[in-house]
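Undergrad: Just to be clear, the model below is a prediction. Sequence and coordinates:
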Protein chains: 2
Amino acid sequence: MTEVKLLVCGAFNDEERARFDANYPNIYAETPDDIAAVAEDIRAGITAVVFKGHAPFGGAAMDPLSGLGLIANFGVGYDAIDVAAASARGVKVTNTPNVLNDDVADLAVGMMLAQTRNMVEGDALTRSGQWAAGTNLPLNRKMSGGTVGICGMGRIGREIADRLAAFKMDIHYHSRSEKETPGWTYHADPVSLAKAVDWFVVALVGGSETEGYVSAEVINALGEKGIICNISRGSTIDEGAMLDALEQGKIAGAALDVFLNEPKIDERFYALKNVVLQPHQGSGTHETRRDMAELQLSNVTAYFEGRDLVTPVN
Amino acid sequence: MTEVKLLVCGAFNDEERARFDANYPNIYAETPDDIAAVAEDIRAGITAVVFKGHAPFGGAAMDPLSGLGLIANFGVGYDAIDVAAASARGVKVTNTPNVLNDDVADLAVGMMLAQTRNMVEGDALTRSGQWAAGTNLPLNRKMSGGTVGICGMGRIGREIADRLAAFKMDIHYHSRSEKETPGWTYHADPVSLAKAVDWFVVALVGGSETEGYVSAEVINALGEKGIICNISRGSTIDEGAMLDALEQGKIAGAALDVFLNEPKIDERFYALKNVVLQPHQGSGTHETRRDMAELQLSNVTAYFEGRDLVTPVN
């Protein structure tokens, strides 16, 4: 019997599972919590885990794998993985950066336009025959030429800003440090950013450091013309404060691809008419998911062959 | 009694009607066909008409106004007005170009992203609780980096292309003549353009010259990965051929703001899942409609004061 060195963990689709099968014999666990239940003789041979999902992957899920050396994450955000616990155990972590930047930025701009121009209601009005019967869509707002703030000017934030610049928007941003930009306006704190703009795009990394970073104070500073767009993680925003502000008209609307407790999101979102909701599909295209899978696999192969990891995190 | 020199014709909203009332005493007719029914003594004094809408405005509607010198159209597209008939009667026509370019281009890009990333279904899946119950949105296509063809490289086509360049798209175009561009690929005919691209954006002028310009041959040349976006006029596309192609999967989808017989559009559109439908809202923002109204009024004022028209058509 061929030795099984790879454990596949998470909701990979059929194409992704088949790619692993074609390359390395493997064993499957649905979530990190299920790893301990894998037969001991197989567990002892596992040296690498490929992981997909948002279920917490802590030290307790690593310990049953005594030979573990690599957790290769599917996705750029690896906040589900306790990297400190991995480092303490000599386990390397990799992610899949850059290959998904375009898709996430596309979705951000698409959601901003859909929210600003009320396109979901526009489609329903047209498709239902209400337009034919005489009902008109109310006038909306103009987005081109408006002021936008990018909260988190990493690689994805930059891709979003580059696109919005073509819409002649006045671009402001907040980041830990000032960046090289084409004359965009830096703000040292997020409240100052929120005060300066009407559209506020959250492109922060996830994890404990940015939990609730877009606070009630930031949301209220945005004001009643403000529209929040979040393509990062649900955790980066004080979601309760945002829901209050949306329900009370303290901000104008939101365009959200990420939420707390996905997919079982707060049901208060369901009734909001001024919000575009997406089911965390930022990287959800055939092309990009294939690129992510190939980058994840190339990290695994590099590890098995003793070469440098392609995109290490720790 | 103040002399009434202005006739207001079409579905202007309350704000727009109030703007006219504040500037010039006027009489109202719902459509050009209703002009003849205006009392003869008032008709005799009318020298200018402000017009909004898509109802045909031909010579027969101009003749009851013996002193008519100006038809000021609300909108850049004046295909509803028989300009040749106006010229033959010594009547000048004006439109409202440029001020709406940004909004129309924004809607085009927003619709392309909404179609490509299946955002209307994404919103419904999330909002209905189906995502929470375990249903995932199928993977979509990547738009950034794709090939796009702009059919009609006028001022609006150029605004759309400039935005799509920021999405790293490979830009091709067709126009009566080659234009100054940043290295974009010119095609002398629309079939060649359709063969070269996956996204096909129609930004032609309306009117009889472009009727059915996007023919069955063009649509079939686009192929099964092709997505049509139309923000021009319903008349520019052979709509029956497009509906056939959409229903039969000969093209992948469409994103449409304009249709034949608006708002009573072909009901075959209602059942199409691969199409984003919008109720002709290209210029439908508060900011732009105000700019259009002010430009229309400035043409009327220039005419009444004997100055050069601001944006003449003939």
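TA: Now that the structure is in, tell me what you want to look at.
Undergrad: show me where the stretch 151-300 of chain A has strands.
TA: A:170-174, A:185-187, A:199-202, A:227-230, A:253-256, A:275-277 (DSSP state E, counting those that start in this stretch).
Undergrad: Residue A:101 is nearest to which of those?
TA: The minimum distance between residue A:101 and the strands of the stretch 151-300 of chain A falls on strand A:199-202, with 13.8 Å, by C-beta to C-beta. In short, each C-beta sits where N, CA and C put it, glycine included.
Undergrad: Which of the strands of the stretch 151-300 of chain A sits closest to chain B?
TA: Relative to chain B, the nearest member of the strands of the stretch 151-300 of chain A by C-beta to the nearest C-beta is strand A:275-277, separated by 4.0 Å.
Undergrad: would you list the strands of the stretch 151-300 of chain A in a markdown table and tack on mean neighbour count and distance to chain B?
TA: A markdown table is the format used below for the strands of the stretch 151-300 of chain A (neighbours: other C-beta atoms under 10 Å in any protein chain shown; distance: least, C-beta to the nearest C-beta, whole Å):
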| stretch | mean neighbour count | distance to chain B |
| --- | --- | --- |
| strand A:170-174 | 22 | 12 |
| strand A:185-187 | 17 | 19 |
| strand A:199-202 | 27 | 12 |
| strand A:227-230 | 26 | 13 |
| strand A:253-256 | 26 | 9 |
| strand A:275-277 | 25 | 4 |
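Undergrad: In CSV: the ones you listed, plus distance to residue B:120 and mean pLDDT.
TA: CSV is the format used below for those (distance: least, C-beta to C-beta, whole Å; pLDDT from 0 to 100):
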stretch, distance to residue B:120, mean pLDDT
strand A:170-174, 28, 98
strand A:185-187, 34, 98
strand A:199-202, 21, 98
strand A:227-230, 17, 98
strand A:253-256, 13, 98
strand A:275-277, 10, 98
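Undergrad: Show me the residue at the heart of chain A, geometrically.
TA: residue A:232 (4.0 Å; C-alpha atoms, centre = their mean).
Undergrad: Now do the contacts for it.
TA: Residue A:232 is in contact with A:77, A:152, A:202-206, A:210, A:258, counting by C-beta atoms under 8 Å, 6 or more residues apart in numbering or on different chains.
Undergrad: Distance of it relative to chain B?
TA: According to C-beta to the nearest C-beta, to the nearest Å, residue A:232 and chain B sit 17 Å apart.
Undergrad: is it true that residue A:88 touches residue A:58?
TA: No. Between residue A:88 and residue A:58 there is no contact under C-beta atoms under 8 Å: 11.3 Å.
Undergrad: what's the neighbour count on the closest residue to residue A:261 other than its chain neighbours?
TA: Spatial nearest neighbour of residue A:261, excluding adjacent residues (C-beta to C-beta, 6 or more residues apart in numbering or on different chains): residue A:234 at 7.4 Å. As a burial measure, residue A:234 scores 19 neighbours (other C-beta atoms under 10 Å in any protein chain shown).
Undergrad: ok, residue A:234 touching residue A:263?
TA: No. With contact defined as C-beta under 8 Å, residue A:234 does not count as touching residue A:263 (10.8 Å).
Undergrad: helix or strand for residue A:21, which one?
TA: Following DSSP states H and E, one finds residue A:21 within helix A:14-23.
Undergrad: by contact count, what packs against that helix?
TA: strand A:6-10, helix A:286-304 (3 or more C-beta pairs under 8 Å, 6 or more residues apart in numbering or on different chains; DSSP states H and E).
Undergrad: For that helix, give me every contacting residue.
TA: Outside helix A:14-23, the residues touching it (C-beta under 8 Å, 6+ apart) are A:6, A:8, A:12, A:26, A:28, A:50, A:52, A:74, A:289-290, A:293-294, A:297, A:300-301.
Undergrad: For ChimeraX, what selects the buried ones among those residues?
TA: Buried residues among the contacts of helix A:14-23 (16 or more other C-beta atoms under 10 Å in any protein chain shown), as a ChimeraX selection:
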select /A:6,8,12,26,50,52,74,289,290,293,297,300
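Undergrad: The contacts of helix A:14-23 also near chain B: which ones?
TA: By C-beta under 8 Å from any C-beta of the partner chain, the members of those lying near chain B are residue A:289.
Undergrad: Tell me the one among the contacts of helix A:14-23 nearest to residue B:197.
TA: Out of the contacts of helix A:14-23, the member with the shortest distance to residue B:197 (by C-beta to C-beta) is residue A:290, at 22.0 Å.
Undergrad: could you list every residue that touches that closest one?
TA: residue A:15.
Undergrad: what's the closest non-adjacent residue to residue A:138?
TA: residue A:118 (7.6 Å).
Undergrad: Might one say that that neighbour is in contact with residue A:143?
TA: No. Applying C-beta under 8 Å as the test, residue A:118 and residue A:143 come out as separate, 11.6 Å apart.
Undergrad: More neighbours: which of the two?
TA: Neighbour count, other C-beta under 10 Å: between residue A:118 and residue A:143, residue A:143 has more, with 28 against 22.
Undergrad: I'd say residue A:57 and residue A:74 touch.
TA: No. Counting by C-beta under 8 Å, residue A:57 sits too far from residue A:74 to count as a contact (12.0 Å).
Undergrad: Which neighbours do those two have in common?
TA: Common neighbours of residue A:57 and residue A:74 (C-beta under 8 Å, 6+ apart) are residue A:51.
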